[in-house]
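Chemist: here's a sequence, model it:
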Amino acid sequence: MIKNERVVVAMSGGVDSSVAAYLLKNQGYEVIGISLKLWDGEGLSHKVGRTCCSFEDIRDASLVCSKLEIPFYSFNYSENFREKVVDRFAEEYFAGRTPNPCVLCNHHVKFDQLFYEAKKLGASYLATGHYARIEKNEEGNFKLLKGIDASKDQSYVLFQLGQEHLSRLLFPVGMYTKAEIRKIAEENGLPTADKAESQDICFIPNRDHADFLEKHFKEKIPGIGNFIDRSGKILGAHKGYHAYTVGQRRGLGIGFGTRTYVVEIKPKTNEVVLGIASDLLSQGLLAVDVSWVSNLSFSEPIHCGVKIRYQKTEIPAQIFYDQKTRQAHVNFNQPSGAVAPGQAVVFYQGDQVLGGGFITRAQYEI
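Modeler: Numbers count the residues shown, from 1 in each chain. Now for the predicted structure:
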C-alpha cells in the first residue's frame, strides 16, 4: 500500500474509468470521482442517441462511486465542449478536412478542465481510464507509452500531453487488457461491468457525420456539387463535399464499375476528386502545430513509425522538424495511402509516443 495521496479520477460512466477508481482505492489512494457533462444535444434541432458524459453516464459514474464509497462531483462544461469541439469539428469538415474530435476534446476541454477541478479539490494526481502507460526514466523525464492491450491502445489521442501533464497523471488500466478490466469489474460488482463501450464519435452515435452537419449546421451546407476525376472531367453529382473524406470508398452514391475512392476534396468549388487506389499513394505529408512529449534533438531526421489515423498501422518514416514554424515534413519509407488533411499524425518509437501534429496536406513528391 502507498501513502494516502489524493487523486481525482475522471469518471466517464464506463467500465474503464470505474475500474481505474477501484484500482487506485485498493492501492491506498484517497480517491475522488468527478464527471464532466459535455454533451446532451440541448438547443439543437435533433436529439442524438448515445451521448458523451450525458446525464445517464453521470448517473452511472455516481453509482460506481457509491459502490466504492468515495466522493463524487459533476461539472457542466457543455458550452465549452460545444464551442471547442463540436463547432471546431464542423469548421474542419466545411474546410474540406477530416478532424478527430477525440483529439480536440482531450486537448481543448477534458485535460484542461479536469486538472483545474483536481487542483480545486486539493488532489496531487489526476487519473483517467485511458489505455496508455506512463514511465519515468533515469533522467527524471516522463515517457508516454502505448497500452498493453494493442487493440484498445489510446495513446494516439494523447500525443499532446507534455511533461507537466504526465508528471501528475495516472493511467491505471493501461497495464491491463480490456478482458481483464471487465473481469475486475464483474468480480467486484461494479455497476458498469457489462456496460457497452462508447461510440467512436460520442456526439454522433450513428457515425453519420454528414447527417449531423446537415441537421445542426444547415446554413453552411454547400448543396449539390460534382464528382470529378483528376483531369477535371465531371463524373456525376454528389450531395455536398462536407459528406466525404479522403480515402472513402463506400457511400459515394454512384457506381463507376471499378473500386473508386475519394482522393481530394475541393471546398472552394464544392468538388470531390475521385480516383483509383494508386491515386491515394503519397510519399509523405506536411504536419503543423507539432508538439513533443519530451525534448528531442532535431539536428538529424528522426526515424520512427507514424500513425496517420487512430486505427491505422504505423508507417516507417523520417521526420524533418522545423522548430521555428513547428512544422514537420514526414517522408514515408514507402508510398502510403489515404493521407487525410485534418487528421492527427502521431510519431512512435516502439511503444513510446514521441509527439505529433495535424496533417495539412499529403506530399506526392519529395
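
Chemist: mind checking how far the residue of the chain most remote from its centre is from Glu271?
Modeler: The outermost residue of the chain relative to its centre, with distances by C-alpha atoms, centre = their mean, is Lys233 at 36.1 Å. For Lys233, the distance to Glu271 equals 11 Å [C-beta to C-beta, to the nearest Å]. Every residue, glycine included, has its C-beta placed from N, CA and C.

Chemist: one step back: please report how far the residue farthest from the centre of the chain lies from Gly357.
Modeler: Relative to Gly357, Lys233 is positioned 35 Å away (C-beta to C-beta).

Chemist: any idea of the mean pLDDT in the host helix or strand of Gly236?
Modeler: For Gly236, the host element (DSSP states H and E) is strand 234-238. Along strand 234-238, the predicted confidence averages to a pLDDT of 94.

Chemist: what pairs with it, parallel or antiparallel?
Modeler: strand 225-228 (antiparallel) (DSSP bridges).

Chemist: quick one: average pLDDT of the partner strand?
Modeler: On average, strand 225-228 scores 96.

Chemist: what do you get for stretch 186-203?
Modeler: Here the average pLDDT along stretch 186-203 is 87.

Chemist: now do the buried residues in it.
Modeler: For stretch 186-203, a neighbour-count test (16 or more other C-beta atoms under 10 Å) marks Leu190, Pro191, Thr192, Ala193, Lys195, Ser198, Gln199, Ile201, Cys202, Phe203 as buried.

Chemist: mind checking the end-to-end distance for that stretch?
Modeler: Its first and final residues considered, stretch 186-203 spans 28 Å by C-alpha to C-alpha, to the nearest Å.

Chemist: quick one: the helices in this structure, in order.
Modeler: For the chain, helices defined by DSSP state H occupy the ranges 15-26, 55-68, 78-81, 87-94, 101-105, 111-120, 163-166, 178-187, 209-216.

Chemist: list the residues that contact the closest residue to Val64 other than its chain neighbours.
Modeler: Using C-beta to C-beta, 6 or more residues apart in numbering and skipping residues adjacent in sequence, the residue nearest Val64 is Ser18, 4.4 Å away. Residues near Ser18 by C-beta atoms under 8 Å, 6 or more residues apart in numbering: Met11, Ala61, Val64, Gly129, Ala185, Leu190, Pro191, Thr192, Ala193.

Chemist: do the same with Arg97
Modeler: Ile265, Ala340, Pro341, Gly342.

Chemist: and of those residues, the nearest to Lys178?
Modeler: Ranked by distance to Lys178 (C-beta to C-beta), these are led by Ala340 at 27.2 Å.

Chemist: got a list of what the closest one touches?
Modeler: Applying C-beta under 8 Å, 6+ apart, the residues near Ala340 are Arg97, Thr98, Thr245, Val246, Gly247, Ile308, Arg309, Ile359.

Chemist: one more pass at 7 Å, please.
Modeler: Ala340 makes contacts with Thr98, Thr245, Val246, Gly247, Ile359, as judged by C-beta atoms under 7 Å, 6 or more residues apart in numbering.
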